[in-house]
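Asks: need coordinates for the below:
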Amino acid sequence: MKKLFEHVGEFYNQKVSKVIDKIKYALTHNFILRYTSIHVVVFSFIKIRVTNKRRAAITGLTFIFIWIVGYLIFSLYPMAYSLYLSFFKVRLDGANIQMAYEGFNNFKAAFISDPYFVEILLEYVMSTIINVPVVLVFALIIAMLINQDIKGKGVWRTIFFLPVIISSGPIIGELINQGATTLPSIANYNIVNLILENVGSFIADPIQNLLETILLVLWFSGIQILILLAGLQKIDKAIYEASMIDGASPWESFWKITLPSIMPLISVSVVYTVVSMSVFSLNEVIIYIKNVMLGESTVGTLTTGYGYSAALSWIYFLTMVIIIGIFVGLLNVKRRSRR
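Replies: So this is what the prediction gives:
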């Protein structure tokens, strides 16, 4: 075996490495591109000075080049094409696609002619505004508990991350059908019923939906727990020791040290939570858009088809961006006010 490796090494050094060196030289010394120790020359008249910062940037771009190409082909192009389709009425005629320009009529129909979309979208907005803080608070509490000096931290991280691995659409759908995502005992508390009876349906419905699917909401907190836990572990314990010497209580240390230190990670968790809830396969808005695309939904010729579903998708996307902007904006305002 040792002799085999020696022969392979000799063959590589004598044959393969020389071919690779010639290919490298040909790629960096030709009429299009010439690479020197301090300059990159393109077409003999464009000269770019190579600094350490640019060299590091090129190295980083090289590592993510495949991802960039994949994003441009499989994500950015379909998004741009869906925006293009949203201005047309699209019909499939066998293997042909027939398109009739509609301008902004698809977007107008979503708010005027469609009797269901606005209602479903508002329910999504309200449920997201309520559910996101619940997920973040729960994730922060669990992350702080796991961050304590306890045995089996890895086991607890695995337990709370496990739902993320198995949270596919069919599994969650079956859990919902079996009532495994609800807490029946909540309905027995009169104070909950009192709150729901004394607020408007616009607020009561999302709250009731949260209470009925509270375990499903907490199911989305696995990634956030790991993000916040990583931030908590980066805080120097000497800062807490110094605050204790100055007489700060644990409550004051949380508000003055812990929370400001992990605030950027909370912003990241907000973005991830909103996106994960918005693209969830059992989301009512996504189901409705899919039905519209297949022509199984609303009344009228304009409010069906690929063009109209593309318009609904972009309205949904912009709504999601606005929700993210509101949450992140509020967090940044609080951070600046503390400074």
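
Asks: confirm that Phe280 sits in a helix.
Replies: No: going by DSSP: H, G, I helix; E, B strand; the rest coil, the assignment for Phe280 is coil, not a helix.

Asks: which residue, neighbours along the chain excluded, lies closest to Tyr316?
Replies: Val285 (5.5 Å; C-beta to C-beta, 6 or more residues apart in numbering). The way it works is simple: take the backbone N, C-alpha and C, and place the C-beta from them, glycine included.

Asks: got it, and Leu136?
Replies: Distances taken as C-beta to C-beta, 6+ apart put Ser269 closest to Leu136, at 5.9 Å, once the chain neighbours are dropped.

Asks: ok, now how distant is that neighbour from Ala248?
Replies: Using C-beta to C-beta, to the nearest Å, Ser269 is found at 26 Å from Ala248.

Asks: looking at those two, which is more packed in?
Replies: Neighbour tally, Ser269 and Ala248, criterion other C-beta atoms under 10 Å: the higher count belongs to Ser269, 26 against 16.

Asks: how far is stretch 89-98 from where the chain is centred?
Replies: How far stretch 89-98 lies from its chain's middle: 33 Å, per C-alpha atoms, centre = their mean, to the nearest Å.

Asks: name the surrounding residues that touch that stretch.
Replies: Contacts of stretch 89-98 with the rest of the structure, by C-beta atoms under 8 Å, 6 or more residues apart in numbering, involve Met99, Ala100, Glu102, Asn106, Leu302, Gly305, Tyr306, Gly307, Tyr308, Ala310.

Asks: what number of residues lie near Tyr306?
Replies: Count around Tyr306 with other C-beta under 10 Å applied: 21.

Asks: state the helix or strand in which it lies.
Replies: Using DSSP states H and E, Tyr306 sits within helix 305-338.

Asks: the strands in the stretch 51-200 of the chain, which residues?
Replies: Along the stretch 51-200 of the chain, counting by DSSP state E, counting those that start in this stretch, strands occupy 88-93, 96-101.

Asks: hang on, the earlier thing: list the contacts for the residue nearest to Leu136?
Replies: Contacts for Ser269 (C-beta under 8 Å, 6+ apart) come out as Leu136, Ala139, Ile223, Gln224, Ile227, Leu228.

Asks: host element of the fifth one?
Replies: When you say that, I think you mean Ile227. Counting by DSSP H and E, the element that carries Ile227 is helix 222-233.

Asks: packing partners of that helix?
Replies: helix 117-146, helix 153-166, helix 259-278 (3 or more C-beta pairs under 8 Å, 6 or more residues apart in numbering; DSSP states H and E).

Asks: export it as CSV, just CAs?
Replies: The C-alpha trace of helix 222-233 is given here as CSV (Å, rounded to 0.1, in the frame of the first residue of the first chain):
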residue,chain,number,x,y,z
GLY,A,222,-35.4,25.7,16.6
ILE,A,223,-33.2,27.8,14.3
GLN,A,224,-33.8,31.0,16.3
ILE,A,225,-32.7,29.2,19.5
LEU,A,226,-29.4,28.2,17.9
ILE,A,227,-28.8,31.7,16.6
LEU,A,228,-29.5,33.4,19.9
LEU,A,229,-27.5,30.8,21.8
ALA,A,230,-24.5,31.4,19.6
GLY,A,231,-24.8,35.2,20.4
LEU,A,232,-25.1,34.5,24.1
GLN,A,233,-22.0,32.3,24.1
